[in-house]
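**Q** Attaching a predicted model along with its sequence, questions to come.
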Amino acid sequence: MGLSKVMKRRQQQCSFFKSLPQDLVVEIVASVSASSLSDLSNMKLLCKDMHEAATDNYVFRHASIEALLTIEWRISSQASSFLKQCEASGNPDALFRRGMIEYFSKVHIEFGVDLLKKAADCGHLEANYVLGIILISGQTSTSVGMKLLKKLENMKNTEAHRCQTRTKKILREIWINAIIPRRESTCIDPNCKNGGLRGLPRVGEWSWSDQEESFCSQVCKWNYELNLFCTALIGV
């Protein structure tokens, strides 16, 4: 396609978007940002109106940042600025990643928990999972942690696998300085998966526990999951 044709097509696209209500343009840009940051960058180049729409808080709140590695936040001022705008706009994934860094890498425990809670309140699956695990590992918020984890019980296996994979991916991208304490099993049911040495997985082993019949109670199920997570922290 020649340059003149490209310019003509771009002008037609700009004319089309100019004819739409601004709220609808922002919605379109947000939809693009939720699927591809590279497409968002290309869309911003179309015209001034599209560039302005891309700076709306609604767009930052829905932008997908999964393709950005954590290291990019630290070495790229542009990526860092983008992430800060996403956080300020309440982007759940940005809040989750920042919460993971603050809690596990910088050991800013309270700040990290606060960020994870904000992401979980927005319905972020991984934030809900990690926050639940953190809370049941303590002594004062175990019941709150159990309530969070119970929300995950109806997940499909594909959702559970995605949650585990994305969480472990973030953990591998950051330096782990905060370790969650394991909880030794007090279960005496010989048929419970959480009883005895079966509740102590090997280093590097991490599989979602979704077989209800393998556990005698919800407490045993999630204590087992807590130990899997703690083992994963050592093995990442």
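**A** Happy to help now that I have it. Numbering: from 1, shown residues only.

**Q** rest of the way, CA atoms for contacts and neighbours
**A** Noted.

**Q** what ranges of the chain fall below the confidence cut-off?
**A** Across the chain, the ranges flagged by pLDDT under 70 are 1-19, 67-77, 139-140, 195-213, 235-236.

**Q** domains of it?
**A** Domain assignment of the chain by automatic domain parsing yields the ranges 15-62, 70-235.

**Q** Tell me which stretches of the protein form helices.
**A** Here the chain has its helices, by DSSP state H, at 3-18, 22-33, 37-44, 48-53, 57-62, 70-75, 77-88, 92-100, 109-121, 125-136, 142-150, 157-173, 218-235.

**Q** out of those, which comes closest to residue 193?
**A** The closest of these to residue 193 is helix 218-235. By C-alpha to C-alpha, the value is 8.0 Å.

**Q** what comes up buried for that closest one?
**A** 220-233 (16 or more other C-alpha atoms under 10 Å).

**Q** got it, and stretch 90-101?
**A** Using 16+ other C-alpha under 10 Å as the test for burial, stretch 90-101 gives 90-101.

**Q** how about those residues, which pair is most distant?
**A** 90 and 101 (16.7 Å).

**Q** thought residue 100 was touching residue 112?
**A** Yes - counting by C-alpha atoms under 8 Å, residue 100 sits close enough to residue 112 to count as a contact (6.4 Å).

**Q** Quick one: the helices of the chain as CSV, columns for distance to residue 187 too.
**A** Listed next are the helices of the chain as CSV, based on distance: least, C-alpha to C-alpha, whole Å:
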stretch, distance to residue 187
helix 3-18, 63
helix 22-33, 48
helix 37-44, 48
helix 48-53, 56
helix 57-62, 43
helix 70-75, 39
helix 77-88, 42
helix 92-100, 31
helix 109-121, 29
helix 125-136, 16
helix 142-150, 17
helix 157-173, 25
helix 218-235, 7
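
**Q** So what touches stretch 137-156?
**A** Residues outside stretch 137-156 that contact it (C-alpha atoms under 8 Å, 6 or more residues apart in numbering) are 125, 128-129, 131-136, 180-183, 210, 219, 222, 226.

**Q** Please name the nearest non-neighbouring residue to residue 175.
**A** The shortest distance from residue 175 to any non-neighbouring residue, by C-alpha to C-alpha, 6 or more residues apart in numbering, is to residue 105 (5.3 Å).

**Q** My guess is that neighbour contacts residue 174. True?
**A** Yes - counting by C-alpha under 8 Å, residue 105 touches residue 174, with 6.4 Å between them.
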